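Engineer: model the structure of this input:
(one chain, ligands or ions: 1)
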Amino acid sequence: MLTKTKIYLSSPHMGGSEQKFVSEAFNTNWIAPLGPNVDGFENDLKSYLGNKKEVAVLSSGTAAIHLALEILNVTSGDEVLCQSFTFSASANPIIYQGARPVFIDSEKDTWNMCPELLEIAIQDRIQKYKKPKAIIAVHLYGMPYKVKEINAVAEKYNIPVVEDSAEALGSTYFNKACGTLSDIGILSFNGNKIITTSGGGAMIVNNLEQKEKAIFLSTQARDNAPHYEHSTVGFNYRMSNVLAGIGRGQMEVLDDRVQARRNNYEFYKMNLEKFDSIEFQEEVEGFYANRWITCIKTDSFSKREQIRLTLLEDDIESRPLWKPMHLQPVFKDCLHFTNGVSEDLFDKGLCLPSGSNLSQEDLDRIMENILKTPKL
Ligand SMILES: *Cc1c(COP(=O)(O)O)cnc(C)c1O
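Structural biologist: A predicted model of the protein is given here:
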């Protein structure tokens, strides 16, 4: 009997020409950071995102969020409003800056930041302390957040928005690319994301001047002089030319990857929507998700665990949804504005295997296991 292979939640999926671009870097000795692949990857991203923004590629999505806060002058003692239902990397850079995160819960439609709670939090902070310095909103699992509503609140109080699009490259909001819908957008090319450079990220900004500033800060903030002269604290956050080569290859297949992940979602939906106990993260009109990860919400913790453990038994990886930041031990002393939505999602929700390289056989095997769940 053939032994079955492990099925992962989301694994890297190379397209074919990545090695060509990486070899070019080797052949031309452009191993140092900067070089033609960095420029090429940035141009590819810029045009994919609609040509209205500028892109600087960096060493990670976390680095991009950190630099964004630096550029927005977030400093020690400031408060930053951050979506609670997210991966910790959205919030950690707030701490790097010596600032304080204030966590905002989600709304039920998109599972992302609730605009009403955001406004309540802003009013509270203005009354009790001082105005928050920035807002970090997240297109979680590739589902756009309520951009118009969040931006309206942000504009009303004149607070800049950092758009965490780490999981949402390829998603659109009324035909505009996620990552381009606010003051500063960020992307991630970590190994589990929709495309990967093995590790990497990007910052999306409004103009060349801001891009130059991001590059300046990410390459050790070197002033213009023959020797090394510094009048600002810099960072070593630029993407290398070798990794950017992988990114160029991945850009050639990005649309295919989005399509494959959307097909995964359709498969799960088609097979599971007949069960009243299972809900999906649905697209609102005008919202287009890259379906980076297909998530379901069951009707109880024990049912979620039954599904997860049945899959595990057959060597299939699945995972509970993100644990909200306001429940994380590391952020236990942080202020938060909650409504129960993210806690409920964490309690009952499950991420299903969603790689763009899953075969129909893999999907059938996953479904067979899910359907074994008693009283689904
Ligand atoms: C992956 C991720 C990040 C961080 O990106 P890295 O490239 O891994 O540093 C930030 N926010 C969210 C929502 C992510 O999923």
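
Engineer: could you measure the closest residue to the ligand within the stretch 201-350 of the chain against Asn190, distance?
Structural biologist: Nearest residue of the stretch 201-350 of the chain to the ligand: Gly201, at 4.6 Å (CB to the nearest ligand atom). Quick note: C-beta positions are derived from backbone N, CA and C, even for glycine. Separation of Gly201 from Asn190 (CB to CB, to the nearest Å): 8 Å.

Engineer: what is in contact with those two at once?
Structural biologist: Listed contacts common to Gly201 and Asn190 are 60-61, 166; contacts here mean CB atoms under 8 Å, 6 or more residues apart in numbering.

Engineer: for stretch 297-310, what does the pLDDT average out to?
Structural biologist: The average of the pLDDT scores along stretch 297-310 is 97.

Engineer: the residue nearest the centre of the chain in helix, strand or coil?
Structural biologist: For the chain, the residue sitting closest to the mean C-alpha position, by CA atoms, centre = their mean, is Ala166 at 2.3 Å. Here Ala166 is coil, with the state taken from DSSP: H, G, I helix; E, B strand; the rest coil.

Engineer: if I read this right, it contacts Thr86, doesn't it?
Structural biologist: No: between Ala166 and Thr86 there is no contact under CB atoms under 8 Å: 9.1 Å.

Engineer: overlap in contacts of those two?
Structural biologist: Common neighbours of Ala166 and Thr86, counting by CB under 8 Å, 6+ apart, are Val138.

Engineer: how about this structure: which residue is closest to the ligand?
Structural biologist: Nearest residue of the chain to the ligand: Gly61, at 2.5 Å (CB to the nearest ligand atom).

Engineer: report how many residues lie close to that residue.
Structural biologist: Gly61 has 27 neighbours, counted by other CB atoms under 10 Å.

Engineer: just give the nearest non-adjacent residue to it, would you?
Structural biologist: Among residues not flanking Gly61 along the chain, Ser188 sits closest, at 2.9 Å (CB to CB, 6 or more residues apart in numbering).

Engineer: look up phi and psi at that neighbour.
Structural biologist: Ser188 adopts backbone torsions of phi -130, psi 140, taken as degrees, to the nearest 10.

Engineer: beta partners of it?
Structural biologist: For Ser188, the beta-bridge partners are Gly201 (DSSP bridges).

Engineer: which SSE is Leu363 in?
Structural biologist: Of the helices and strands defined by DSSP states H and E, Leu363 is found in helix 360-370.

Engineer: for that helix, name the packing helices and strands.
Structural biologist: Helices and strands touching helix 360-370, by 3 or more CB pairs under 8 Å, 6 or more residues apart in numbering; DSSP states H and E, are helix 254-272, helix 301-313.

Engineer: interface residues of the stretch 151-300 of the chain facing the ligand?
Structural biologist: 164, 166-167, 188, 190, 201 (CB under 6 Å from any ligand atom).

Engineer: taking these, tell me the two that lie furthest apart.
Structural biologist: Using CB to CB, these reach their maximum pairwise distance at Asp164 and Asn190, which is 12.9 Å.

Engineer: these two: which is more packed in?
Structural biologist: Using other CB under 10 Å as the criterion, Asp164 and Asn190 rank with Asp164 on top: 33 against 19.

Engineer: correct me, but that one touches His139?
Structural biologist: Yes: with contact defined as CB under 8 Å, Asp164 counts as touching His139 (7.0 Å).

Engineer: check which residues of the helix or strand of the chain with the lowest mean pLDDT are buried.
Structural biologist: Least confident helix or strand, the chain: helix 18-27 with a mean of 87, by mean pLDDT, DSSP states H and E. Neighbour counts over helix 18-27 (16 or more other CB atoms under 10 Å) mark 18, 21-22, 24-25 as buried.

Engineer: which of the residues you listed sits closest to Lys332?
Structural biologist: Minimum distance to Lys332 across the buried residues of helix 18-27 is 41.8 Å, recorded for Glu18 (CB to CB).

Engineer: now do the SS call for the nearest residue to the closest one once chain neighbours are set aside.
Structural biologist: Excluding the flanking residues, the one nearest Glu18 by CB to CB, 6+ apart is Gly249, at 3.1 Å. Secondary structure, three-state DSSP: Gly249 is helix.

Engineer: can you pull the contacts of Gly249?
Structural biologist: Contacts of Gly249 (CB under 8 Å, 6+ apart): 14-22.

Engineer: over to Ala64?
Structural biologist: By CB under 8 Å, 6+ apart, the contact set of Ala64 is 58, 186-188, 201-203, 237.

Engineer: got the buried residues for the one helix or strand it maps to?
Structural biologist: Counting by DSSP H and E, the element that carries Ala64 is helix 61-71. Within helix 61-71, the residues scored as buried using 16+ other CB under 10 Å are 61-71.

Engineer: I'd like the average pLDDT over the helix holding Leu363.
Structural biologist: 97.

Engineer: please identify the buried residues of it?
Structural biologist: 362-363, 365-367, 369-370.

Engineer: between those residues, which is nearest Arg125?
Structural biologist: Relative to Arg125, and with distances defined as CB to CB, the nearest of the buried residues of helix 360-370 is Ile370, at 43.2 Å.
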